[in-house]
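**Q** have a look; sequence and predicted model below, questions after that.
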Amino acid sequence: RMTGQARLAAGASDVPGRSYVHTAPHHDDIMLGYLPLVRRLVRDPTATHRFLYATSGFNAVTNAFARERLEAAAAELRRKDSPLAALCAAGGLA
């Protein structure tokens, strides 16, 4: 079992070519929550990054819109020829 320090070191290490999906409930939460890490990660030209904001609430998108988008994402993952599903299967979203 890894110690807390070992887990932090592993999480902070660079993994060339990795794909990242950053998720947050509001448009500024990723930047406010872990901007220093994001700035370091996006410097790797071999990595790909996707930013997903899934929100509903006051002055945001409606619950129906959020549900539709999440259902569409789930359907995309179920498609056999989906690039996103292939990325998941390869551990790219782990």
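**A** In hand now; what should we look at?
**Q** which residues does the residue nearest the centre of the chain contact?
**A** Centroid-nearest residue in the chain, with CA atoms, centre = their mean: Val21, separated by 1.9 Å. Neighbour list for Val21: His49, Arg50, Phe51, Leu52, Leu93 [criterion: CB atoms under 8 Å, 6 or more residues apart in numbering]. Just so you know, the C-beta spots here come from the backbone N, C-alpha and C atoms, and that holds for glycine as well.
**Q** wasn't it part of a strand?
**A** Yes: applying DSSP: H, G, I helix; E, B strand; the rest coil, one finds Val21 inside a strand.
**Q** and it, how far is that from Ala90?
**A** Applying CB to CB, to the nearest Å, one obtains 13 Å for the distance of Val21 from Ala90.
**Q** can I get the helix or strand of the chain with the lowest mean pLDDT as PDB, trimmed to CA atoms?
**A** Taking mean pLDDT, DSSP states H and E as the measure, the chain has helix 83-89 as its least confident helix or strand, at a mean of 78. C-alpha atoms of helix 83-89 as PDB (Å, rounded to 0.1, in the frame of the first residue of the first chain):
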ATOM      1  CA  PRO A  83     -13.100   7.200 -30.300                       C
ATOM      2  CA  LEU A  84     -13.900   8.100 -26.700                       C
ATOM      3  CA  ALA A  85     -14.900   4.600 -25.800                       C
ATOM      4  CA  ALA A  86     -11.600   3.400 -27.400                       C
ATOM      5  CA  LEU A  87      -9.700   5.900 -25.300                       C
ATOM      6  CA  CYS A  88     -11.500   4.700 -22.100                       C
ATOM      7  CA  ALA A  89     -10.700   1.000 -23.000                       C
END
